[in-house]
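Participant: What shape does this take:
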Amino acid sequence: MDIPNKQLVNKLGFSGLIPFILLSLACWIVHPDWLGYFIKAQLSYGIIILSFLGGLHWGVALMSRNRNTADTRKALIWGVIPTMIAWCSMVNMGVGFLVQIIGFVVAYQVDKRLYLSYELPDWFIILRLRLTVVVVTALALTFVAANVR
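Facilitator: Residues are numbered from 1 along each chain as shown. As a prediction, the model looks like this:
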C-alpha cells in the first residue's frame, strides 16, 4: 500500500502530540488548584488516542480486499483491545497513567508486527515509534507533576 502524502501524515501525526505536550507542560506551571483539571484532560486525551490506534486496525481490515480471514480476524480483535486498555485507565489517576503508558507501548509493539502484513511503508512504523516516545514521555511527566506538585 502506498501512502500518497507522507508529509501530510507526518504533520497530522505530530500535530496530534500538541495536546499531550501542552497538557503535560500545563501540569508543571498552572496553579495547584487547577492541576486536577489538566491531569484529567491528559488522561482523557490519552483514552481518545489509544482508542484511535485500535480503530486504525479496523479501518485496514475492513478496507482491504486481499486479506485472508485469519489476518482480518486478528486485526479486528486487536482493534478493540487498545480501547479496553484505555477504558481500564479510568480506574484512578495514578494507575491510569501507568495503564496508558503500558497501553501505548504494547500498541506500538503489536502495530510493528501487524503493519508488516498491511504492507505499509517502513517510514510509517518509524513515525509510530517517534509519536509513541513523545506520548509516553508526556504521560510520565504529567504523572510526576501530579505527584510532586
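
Participant: tell me, what residue is most central in the chain?
Facilitator: Centroid-nearest residue in the chain, with C-alpha atoms, centre = their mean: residue 50, separated by 3.9 Å.

Participant: show me the contacts for that residue.
Facilitator: 82, 83, 85, 86, 89, 100, 103, 104, 107 (C-beta atoms under 8 Å, 6 or more residues apart in numbering). Bear in mind the C-beta positions are built from the backbone N, C-alpha and C, glycine included.

Participant: which among those residues gets closest to residue 124?
Facilitator: Residue 124 has its nearest neighbour among these in residue 107, at 14.0 Å by C-beta to C-beta.

Participant: give me every residue that touches the closest one.
Facilitator: Applying C-beta under 8 Å, 6+ apart, we find residue 107 in contact with 50, 53, 54, 82, 85, 132.

Participant: Next one: it relative to residue 68, how far apart?
Facilitator: Computed as C-beta to C-beta, to the nearest Å, the residue 107 to residue 68 distance reads 23 Å.
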